[in-house]
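Trainee: All I have is the shape, not the residue letters:
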């Protein structure tokens, strides 16, 4: 089968790989229809993720079809099912979890082996692009549920700032709009991505280098980038008693203003992945058009995956999300 294989820092290759076989009786071999490139895939591409050891087929945001004809979204997180976190239903925090495209071969291929328990049926009216976005949309939905529990007032009454106009940031703005949040603003340095945000009508997009966000003005700050500069921006922008949600993972080099966070009683939340319930709900929202028409997603053949990674790495790709089509 054809697959896009991570071979080392800044190197992926589309090449022939052995056909996928189920590793156990409770696995299915899913023929992949579409698979999205995640920011974490790009992080691995640069050699910044020691958990992803080359050679490795990357990719964990996928939709496909089982041998018996079921159209399914792949939940790439595989928990142990035995620990305290699994017993609580928080399987995404299982310390023994494994992940497709990380410890196991991923979805940038014509087929991938997936446990039956990790397959989620796709509504008939959902297109492949919508279904392939279920995983990142579930990340955002999970994060916003954490925010909703921590905010003193409903999300619809919150003034929100999203930092970053990639797929996670744009999906956050689209969800916040759908939830009725007022005055959503989105900080993005790339002009092409700001233009995309404007076209979706999800938020007011601005360049924070030219116009820094108003200090202390936002009840909810959603950092979808995760660098020292964006953490400094988020720390300054959060209102007293507000919520700062950190979901981006570009670096771990400081930036939080611990003194201001403490004196202004700002809740700082980390968010990682999602539960199965989050994925099911996100898939339904995407299928029903709650998050818009998704015209901002770019589709490419798997054979163009090498070029797609190079463009994303250099900042030349304007689309917040590129979906690869193996078929």
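Mentor: Sure, I can see it. For clarity, every value in this text was computed on a predicted model and none was experimentally measured.

Trainee: going forward, measure contacts between C-alpha atoms and count neighbours the same way
Mentor: OK.

Trainee: Now do stretch 10-28: distance to the chain's middle.
Mentor: Relative to its parent chain, stretch 10-28 has a centroid offset of 22 Å by C-alpha atoms, centre = their mean, to the nearest Å.

Trainee: If you could redo that for stretch 144-160, that was the one I meant.
Mentor: For stretch 144-160, the separation from the chain centroid amounts to 20 Å (computed by C-alpha atoms, centre = their mean).

Trainee: Would you mind measuring the gap between the ends of it?
Mentor: Terminal residues of stretch 144-160 are spaced 11 Å apart (C-alpha to C-alpha, to the nearest Å).

Trainee: Tell me the buried residues in that stretch?
Mentor: For stretch 144-160, burial by neighbour count (16 or more other C-alpha atoms under 10 Å) applies to 144, 146-148, 150-151, 155-156, 158-160.

Trainee: Next: stretch 241-249.
Mentor: By neighbour count on 16+ other C-alpha under 10 Å, the buried set for stretch 241-249 is 241-248.

Trainee: Not counting its own residues, what contacts it?
Mentor: Under the contact criterion C-alpha atoms under 8 Å, 6 or more residues apart in numbering, stretch 241-249 has outside partners 143, 147, 150-152, 218-227, 234-235, 238, 264-272.

Trainee: do the same with stretch 125-141
Mentor: Stretch 125-141 is contacted by residues 33-36, 38, 61-63, 73, 75, 122, 167-168, 171-172, 175, 271-275, 278-283, 286-288, 294, 297, 323 when judged by C-alpha under 8 Å, 6+ apart.

Trainee: can you pull the buried residues of that stretch?
Mentor: For stretch 125-141, by 16+ other C-alpha under 10 Å, it's 126, 128-141.

Trainee: helix/strand/coil for the closest residue to residue 267 other than its chain neighbours?
Mentor: Nearest residue to residue 267, sequence neighbours excluded (C-alpha to C-alpha, 6 or more residues apart in numbering): residue 243, at 4.7 Å. Applying DSSP: H, G, I helix; E, B strand; the rest coil to residue 243 yields a three-state assignment of strand.

Trainee: ditto for residue 148
Mentor: Secondary structure, three-state DSSP: residue 148 is helix.

Trainee: Tell me the pLDDT of it.
Mentor: pLDDT recorded at residue 148 is 98.

Trainee: how near is the closest residue to it other than its chain neighbours to residue 50?
Mentor: Leaving aside its chain neighbours, residue 148 sits nearest to residue 155 (6.0 Å; criterion: C-alpha to C-alpha, 6+ apart). Separation of residue 155 from residue 50 (C-alpha to C-alpha) stands at 37 Å.

Trainee: Narrow the contacts of stretch 125-141 to those that are buried.
Mentor: Applying 16+ other C-alpha under 10 Å to those flags 33-36, 38, 61-63, 73, 75, 122, 167-168, 171-172, 175, 271, 273-275, 278-283, 286-287, 297, 323 as buried.

Trainee: Please flag which of those sit within helices.
Mentor: Mapping these onto helices (DSSP state H) picks out 167-168, 171-172, 175, 278-283, 286-287.

Trainee: Please work out how many residues are found near residue 236.
Mentor: Residue 236: 21 surrounding residues under other C-alpha atoms under 10 Å.

Trainee: ok, and what's touching the helix or strand harbouring it?
Mentor: According to DSSP states H and E, residue 236 maps onto helix 228-237. With contact meaning C-alpha under 8 Å, 6+ apart, helix 228-237 is reached by 163, 213-218, 221-223, 244, 251-257, 260-261.

Trainee: Is it possible to mark the buried ones in those?
Mentor: Of those, these count as buried by 16+ other C-alpha under 10 Å: 163, 213, 216-218, 221-223, 244, 255-256, 261.

Trainee: Could I get the full set of helices for the stretch 1-150 of the chain?
Mentor: If DSSP state H, counting those that start in this stretch is used as the criterion, the helices of the stretch 1-150 of the chain fall at 39-45, 84-87, 128-132, 134-150.

Trainee: now the last one against helix 276-287, angle please.
Mentor: Spelled out, it's helix 134-150. Calculated by axes from the mean of the first three to the mean of the last three C-alpha atoms, to 10 degrees, helix 134-150 forms an angle of 110 degrees with helix 276-287.

Trainee: Please name the residues that touch residue 81.
Mentor: Here residue 81 is in contact with 87, 91 (C-alpha under 8 Å, 6+ apart).

Trainee: where's it relative to residue 117, distance?
Mentor: Distance of residue 81 to residue 117, computed by C-alpha to C-alpha: 11 Å.

Trainee: ditto for residue 61
Mentor: From residue 61 across to residue 117, the span is 16 Å (C-alpha to C-alpha).

Trainee: Touching, residue 148 and residue 157? I think so.
Mentor: No: the pair residue 148 and residue 157 does not pass the contact test of C-alpha atoms under 8 Å, sitting 10.8 Å apart.
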